[in-house]
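> attaching a predicted model along with its sequence, questions to come.
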Amino acid sequence: ESEGFGWRVCKTAFSYAAGLATIQRSAEADVVRLRKYEIPIKRVARNLCLDPALIAALISQESRVGLLLDNGWDQERQKYGLMQLNGQQHHPFGLWDSEEHINQCSTILVLAINEVRARHPTWTWDQQLR
């Protein structure tokens, strides 16, 4: 059960409620490995006003919580870390599974979401996030 990642921390635009059930289902298989990162995920989420379930879901989706990685890299050695940062576009901070790295990737996510929100202010939160 992944309720540890399901609670919302901030009541801002980044508080993600719609589709939470889908996120939780996608992370179910990885929940044992996600437990190891619960504290850093929650800390990063709180600091960035993101829902921890969103970060957990991305970690699950991108790397199956590290299961698909070789020394932090994907098979093509292009993407790095739990959240699969593009190594050509960004210089990765910290070890592939560190809180520092989760924070870097989550910060990039927030900046990208803000960019979409600025360009499409009339879109729903779900549309902007997609």
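Perfect, thanks for sending it.
> and the residue lying closest to residue 68 once chain neighbours are set aside, what is it in contact with?
In space, and not counting its chain neighbours, residue 68 is closest to residue 74: 6.9 Å by Cβ to Cβ, 6 or more residues apart in numbering. Where you see a C-beta, it was placed from the backbone N, CA and C, and this is true even at glycine. Applying Cβ atoms under 8 Å, 6 or more residues apart in numbering, we find residue 74 in contact with 63, 68, 80, 84.
> and the third one, what are its bridge partners?
Partner residues in beta bridges with residue 80: residue 73, residue 85, with DSSP bridges as the criterion.
> let me know the pLDDT of the residue lying closest to residue 64 once chain neighbours are set aside.
Once flanking residues are discounted, residue 64 sits nearest to residue 30: 5.8 Å by Cβ to Cβ, 6+ apart. Here, the pLDDT recorded for residue 30 equals 88.
> how close does residue 30 sit to residue 114?
Distance, residue 30 to residue 114, by Cβ to Cβ, to the nearest Å: 28 Å.
> who has more neighbours out of the two?
Using other Cβ atoms under 10 Å as the criterion, residue 30 and residue 114 rank with residue 30 on top: 20 against 13.
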